[in-house]
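Engineer: model the structure of this input:
(chains A and B)
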There are 2 protein chains.
Amino acid sequence: MALIVQKFGGTSVGSIERIKNVAARVRRTRDAGHQVVVVVSAMSGETNRLVKLAYEIDPEPVSREYDALLASGEQVSTALLALALNKMGAPARSLLAHQIGLRTDRVWSRARIESIGSSVLMAALERGETPVVAGFQGIDAEGNITTLGRGGSDTTGVALAAALNADVCEIYTDVDGIYTADPNIVKRASKIARISYDEMLELASLGAKVLQTRSVEFGMKYGVPIHVRSSFDESEGSWVVPEDATMEQVVVRAVTYDKNDARISIIGVRDQPGVAARVFDLLSEAEIIVDMIVQNSSHDDSKTDLTFTVPKADVIEAQRLMERVAKDLGADSVRAATNISKVSVVGVGMRSHSGVAAKMFKVLSSAGVNIQMIATSEIKISIVIDEAYTELAVRVLHEAFGLDAAPA
Amino acid sequence: MALIVQKFGGTSVGSIERIKNVAARVRRTRDAGHQVVVVVSAMSGETNRLVKLAYEIDPEPVSREYDALLASGEQVSTALLALALNKMGAPARSLLAHQIGLRTDRVWSRARIESIGSSVLMAALERGETPVVAGFQGIDAEGNITTLGRGGSDTTGVALAAALNADVCEIYTDVDGIYTADPNIVKRASKIARISYDEMLELASLGAKVLQTRSVEFGMKYGVPIHVRSSFDESEGSWVVPEDATMEQVVVRAVTYDKNDARISIIGVRDQPGVAARVFDLLSEAEIIVDMIVQNSSHDDSKTDLTFTVPKADVIEAQRLMERVAKDLGADSVRAATNISKVSVVGVGMRSHSGVAAKMFKVLSSAGVNIQMIATSEIKISIVIDEAYTELAVRVLHEAFGLDAAPA
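Structural biologist: Have a look, this model is predicted:
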């Protein structure tokens, strides 16, 4: 008997028919002798509907109320799934964040889980009930409702698996696993059977939408195996697991892209200590997450350009902040560009293989793709390019690094 | 400066435009120097949408999950109204039952409020914030979500007014007050300026949908003046207040009807002690509320017919229970009828005026309406008739008791 956390995304519970299918799957897992804790997202479309309502009232909605609003979607889906399970003779109860004590900090709309009470869940399991837990939501120390950001239900699932010491967290989604590239762009992309937490963390950070970054962090920290698989069939999906020796044999595991960032350049700032600190302190105080940072060499020994990327959603705010600080720093101007994308290659094999960057730049150059920014880590190389070249860049890199599957 | 509880029904918050209107009204009350606590129902249509989803899964949904599902509607409307108030510069925060400690018993779908914590609300008011409280919902001692039944938000409003010792509870609705009869049926029905708690309690129990019965009970118990008024204009509505000397001068305050009951007859039960106790114990255990009860005289000194009414929603269950007990009691048969309605006249003036019943029966007889059952209290007379005659009966009674307004 295993203890299994099964997380179902919005598409998987997007209609009554699909909710019944999910209930049937949970039921089968129970019948096979396992204990199951279910985590669900809001029905697909519901969160967007709520966002739209909020924006009709205020394009910059108050965070506390925005989070309370969005969290209502999971109250609906958990109750419906619990109804469906009970109808099938499998005792189940919906549980919201305040009912299990899923505590977070108070960073509205992207709160971090601080602790999870396991007693209510364990008591339910001992009574033979299946807890159906609301993903995406939490409560802060004062009982305010918080949300974990898009994809936050993944993190709820893995965090619950960690808290309950579960054997696996299964992430059911509308794709059947993690691919070497977005199959919508690369026809010969193939499913990855096993991927390390480190690689998955890079992929998730770099725009692969299949898992929320924090869920992978939780998995890595607590050693929870994550099985990403389809909610529409029984096929084996992709396992996110600790790295092993065979994994380094593959140089590049996957190619990914992200169109959600924007670029901001501060032109001609004084090249002296404290400038960068001032800039990034300000962004940090505004809770704007900066991704890539590049400081160009000085024009004339006294001035330099500082370029960085931020989420597109924050670009107006970031530009406003930079224009304020630019005057103080005597900078010439602030420029923002939203027509960019980030393309990355990821693989733990890069640690033991040299020349990956050189090969990447050569391949892109041959394809006529201009590189605007570069960032590297031990296991990934990311470049910023003109958004229009995204698909082309992904395709040529996928082929060049030997990821194209044999033709069917 | 007064402390005012303003409760807005589903129609009043049925669209973003209407939510903005409600926010503007709350804002005006604040600007006039008052403290306001707002209570809202789910947006109109939302509860029905959720009910439909539940029934697609299970025509007899598990109560705990059904309540959790329905309570989500108020989470949406409170957050949206709080967003709108903040947008207008009036600080506000949505508060759910678990956040203010609105505790109920665990009678799912018609829970009773046991206690309300006032500290969170008072703290918000002291900070200058307007609390926007979710109507209709509560939590039981274990933190399960309960609901108070249709119209439960009225009770939330009046109970909050009582807990906070507010000066008035304003019930905003899509009608502009309480009428002497349903204006859809009686063209010359008129708005009642002041009505006693006792009269309103009878009207609410008898099918007038403008206030939930329990809200009137709370108002009476704690002496909270209730002002029922339109959410679409500023006109004075109807006040529900303690009885005063002038009220007895009117014999009949209003005529009302209710088509939601069904009749069950147990034919030929033994006319001996314990029979009725057995029958009504069984219904009570099943939490079926019995309204009128009539026991006919014996056929032949040993057998009698027992007739009573129950909500239409419970008639199948009640009939099933009665058929079980009928065998034990040696009864001949059980009959159920759903094509009935209850028509009532209400007025504290009946205490000091005789002949009201006689007049009522004569008027109905003249109109050719056959009376199936009769029940009376100190201030009301109710009769059960064939449903088809409902509107006719209401009209002739309204006219006969002098309630028709002068032609415009």
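
Engineer: am I right that residue A:155 is in contact with residue A:219?
Structural biologist: No - contact criterion Cβ atoms under 8 Å: residue A:155 and residue A:219 do not qualify, at 9.5 Å. Placement of C-beta: from N, CA and C, glycine included.

Engineer: mind listing the strands for the stretch 201-350 of chain A?
Structural biologist: Using DSSP state E, counting those that start in this stretch, the strands of the stretch 201-350 of chain A run over residues A:226-230, A:238-241, A:254-258, A:261-270, A:293-295, A:303-311, A:333-337, A:340-346.

Engineer: same thing with the stretch 1-150 of chain A?
Structural biologist: Here the stretch 1-150 of chain A has its strands, by DSSP E, counting those that start in this stretch, at A:3-8, A:35-40, A:92-95, A:102-104, A:113-116, A:130-134, A:137-139, A:145-147.

Engineer: make JSON lines out of the strands of the stretch 201-350 of chain A and add mean neighbour count and distance to residue B:59.
Structural biologist: Output for the strands of the stretch 201-350 of chain A, formatted as JSON lines (neighbours: other Cβ atoms under 10 Å in any protein chain shown; distance: least, Cβ to Cβ, whole Å):
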{"stretch": "strand A:226-230", "mean neighbour count": "22", "distance to residue B:59": "31"}
{"stretch": "strand A:238-241", "mean neighbour count": "23", "distance to residue B:59": "40"}
{"stretch": "strand A:254-258", "mean neighbour count": "26", "distance to residue B:59": "47"}
{"stretch": "strand A:261-270", "mean neighbour count": "21", "distance to residue B:59": "50"}
{"stretch": "strand A:293-295", "mean neighbour count": "15", "distance to residue B:59": "59"}
{"stretch": "strand A:303-311", "mean neighbour count": "21", "distance to residue B:59": "46"}
{"stretch": "strand A:333-337", "mean neighbour count": "16", "distance to residue B:59": "56"}
{"stretch": "strand A:340-346", "mean neighbour count": "25", "distance to residue B:59": "50"}
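
Engineer: tell me the strands beside the helix or strand of chain A with the lowest mean pLDDT, with direction?
Structural biologist: Ranked by mean pLDDT, DSSP states H and E, the weakest helix or strand in chain A is strand A:293-295, scoring a mean of 84. Strand A:293-295 has the following sheet partners, assigned by DSSP bridges: strand A:303-311 (antiparallel).

Engineer: quick check: mean pLDDT of the partner strand?
Structural biologist: Averaging pLDDT along strand A:303-311 yields 89.

Engineer: need the residues that contact it.
Structural biologist: Identification of contacts with strand A:303-311 by Cβ atoms under 8 Å, 6 or more residues apart in numbering or on different chains yields A:260-271, A:275-276, A:279, A:283, A:288-299, A:318, A:332, A:340, A:342, A:373, A:384.

Engineer: next: stretch A:378-388.
Structural biologist: Stretch A:378-388 has contacts (Cβ under 8 Å, 6+ apart) with A:198-199, A:202, A:206, A:259, A:261, A:263, A:292, A:309, A:339-348, A:350-351, A:356-357, A:360, A:364, A:369-376, A:393.

Engineer: narrow those residues to just the buried residues.
Structural biologist: Neighbour-count burial (16 or more other Cβ atoms under 10 Å in any protein chain shown) applied to these gives A:198-199, A:202, A:206, A:261, A:263, A:292, A:309, A:340-348, A:350, A:356, A:360, A:364, A:369, A:372-373, A:375, A:393.

Engineer: any idea which residue sits dead centre in chain A?
Structural biologist: Centroid-nearest residue in chain A: residue A:212, 2.7 Å away (criterion: Cα atoms, centre = their mean).

Engineer: OK, contacts around that one?
Structural biologist: With Cβ under 8 Å, 6+ apart, residue A:212 has these contacts: A:148, A:149, A:150, A:151, A:152, A:153, A:154, A:155, A:204.

Engineer: are any of those residues buried, and which?
Structural biologist: A:148, A:149, A:151, A:152, A:153, A:154, A:155, A:204.
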